[in-house]
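Novice: Whatever this is, show me its structure:
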Amino acid sequence: MTAVQRIKKIIGFDSRGPTISIGLLAVWTFVAWGPRIRNIWDDDALSVGGQLWRTAIALFFLGAAAVMVLAWLRRHPQRNRIATGFAVWTVGYWILRMVIIVTGDHSVGFILVHAALALVSGVLAVGVISAQRRKQAEASA
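Specialist: Numbers count the residues shown, from 1 in each chain. Below is the predicted model of the structure:
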């Protein structure tokens, strides 16, 4: 098995189903967005309104990831829709955010860090979507 095949297997692009890909996306979300809240409130350049808005976005990501994990663990009837919805939201958010960052007045380092965050988030989210689609195709076959 090649390195690429191993990575695809780990993030959910194989027949192991969506459980691993959901877990990885959730852990990544907690790791990426959890510390963001402290960074927001330590940034003296932001207004209180800017801090509140950015905190709301971070809390939404954290809450949505928690809901996704709880729905999956409890085998909620809508768990597939919840996971797919969160994955689609993640991809959409990062596409929009990267357009704003790249067209804004930001340093190359800032752009590269956010591009890396977007890439990892996107790959993990697509892994969830792919695993969900595969599971649905297997169920209907």
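
Novice: Point out where the chain drops to low pLDDT.
Specialist: 4-17 (pLDDT under 70).

Novice: I'd like to know which elements whichever helix or strand E138 is part of is packed against.
Specialist: E138 is located in helix 108-140, with elements delineated by DSSP states H and E. Judged by 3 or more Cβ pairs under 8 Å, 6 or more residues apart in numbering; DSSP states H and E, the packing partners of helix 108-140 are helix 18-42, helix 79-103. No exception for glycine: its C-beta is placed from N, CA and C like everyone else's.

Novice: of all those helices, which lies closest to S140?
Specialist: helix 79-103 (12.8 Å; Cβ to Cβ).

Novice: still on that earlier bit, now the helix holding E138, how far from the chain's geometric center?
Specialist: Relative to its chain's centre, helix 108-140 lies at 7 Å (Cα atoms, centre = their mean, to the nearest Å).

Novice: Stretch 41-54 now?
Specialist: Taking mean C-alpha positions (Cα atoms, centre = their mean), stretch 41-54 and its chain are 23 Å apart.

Novice: what's the host helix or strand of L59 packed up against?
Specialist: Using DSSP H and E, L59 maps to helix 48-73. On a contact count with 3+ Cβ pairs under 8 Å, 6+ apart, helix 48-73 meets helix 18-42, helix 79-103.
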